[in-house]
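Asker: please find the sequence and the predicted model below.
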Amino acid sequence: MRLLGRKALVTGAAHGIGLACAQAFAREGAEVALVDLDGEGAIAAADALAAETGRRMIGLACDVSDAKAARAAAAKAAEGLGGTIDVLVNNAGILKPGDILTTTLEDFDAVLAVNIRAVFVIGQAVAQALVAAGKPGSIINMSSINAVLAIPGQVPYVTSKGAVNQLTKTMALGLAAHGVRVNAIGPGTIATDILKGVMTDEAAKRGVLARTPLKRFGEPEEIGRVAVFLASDDSSYMTGQTIYPDGGRLA
Ligand code: NAD
């Protein structure tokens, strides 16, 4: 029970990696607020975790790209769990395919609004509340192996994830003196819905597997376990880092 007594907020928590993080936190003793564009999914997942663990969980509908709504969701999460959020996972993320010659401004802005702007908005709101309360905390931003590698047909996504790594470092520097740690996770290819936008055919899958020494895609639970490590005191001397659970990806 490495997170007993902690209050966690996970965005994009109705499906995939976010859901796996919320489940892992709940099973380590945390009370969790699950926030998602799919409000029904978030509420259903929260109810299931509350029934399983006997602890308080809440599900909230929110489009994190709407700054006002995102700040309100962070406040509601804290109020619903009855205290300050100690652990935040900025996980919600989207893809919109497009190379440098074809990507529209609308698609570029839409991806950045979810993948980086919301990370700033919610990260700032949670950090301000922690500092005001004089409490330590752990903020985890979901990056990607494509923060350091790149895919030519995913210009907005690759750009946003590079920015997540740098935002993580600058937040870590600004919050270290307050006892708030900030780290990122940069997954390789994980078997979730978002993959459908990239792995459109068997050749694409074979291409990624050929560049993955462990010769398989990762499971969301394998990212959830890294999130528990970063959320807990097991990583007490780590801040400003990105951990890459990527099967050893070379390119
Ligand atoms: P997913 O599509 O399975 O889940 C994403 C979740 O985010 C969904 O529940 C969706 O409803 C929610 N969401 C989307 N837009 C939102 C918005 N505007 N407001 C609130 N919620 C929103 O994707 P996933 O694979 O679980 O990805 C989660 C994170 O992990 C993303 O940041 C993604 O970039 C990152 N990631 C995924 C992979 C992978 O291979 N799956 C690899 C590297 C990084």
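Answerer: Yep, it's here.
Asker: the chain: helices as residue ranges?
Answerer: Counting by DSSP state H, the segments of the chain that form helices are 16-27, 39-53, 67-81, 105-112, 118-133, 155-175, 202-210, 220-231.
Asker: and the stretch 51-200 of the chain, which residues reach the ligand?
Answerer: Within the stretch 51-200 of the chain, the positions near the ligand by C-beta under 6 Å from any ligand atom are 62-65, 91-94, 114, 142, 144, 187, 189-190, 192-195. Just so you know, the C-beta spots here come from the backbone N, C-alpha and C atoms, and that holds for glycine as well.
Asker: can you do 8 Å?
Answerer: Residues of the stretch 51-200 of the chain lying near the ligand by C-beta under 8 Å from any ligand atom: 62-66, 70, 91-95, 113-115, 118, 142-146, 157, 161, 185-195, 198.
Asker: take these and keep only those in strands.
Answerer: Judged by DSSP state E, strands contain the following of these: Met142, Ile185.
Asker: hmm, back to that, as JSON lines, the helices of the chain with mean pLDDT and mean neighbour count would be great.
Answerer: As requested, the helices of the chain are exported to JSON lines (pLDDT from 0 to 100; neighbours: other C-beta atoms under 10 Å):
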{"stretch": "helix 16-27", "mean pLDDT": "98", "mean neighbour count": "26"}
{"stretch": "helix 39-53", "mean pLDDT": "98", "mean neighbour count": "18"}
{"stretch": "helix 67-81", "mean pLDDT": "98", "mean neighbour count": "18"}
{"stretch": "helix 105-112", "mean pLDDT": "98", "mean neighbour count": "15"}
{"stretch": "helix 118-133", "mean pLDDT": "98", "mean neighbour count": "20"}
{"stretch": "helix 155-175", "mean pLDDT": "98", "mean neighbour count": "20"}
{"stretch": "helix 202-210", "mean pLDDT": "91", "mean neighbour count": "12"}
{"stretch": "helix 220-231", "mean pLDDT": "98", "mean neighbour count": "21"}
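Asker: the ones you listed: which one's closest to Val10?
Answerer: helix 16-27 (4.6 Å; C-beta to C-beta).
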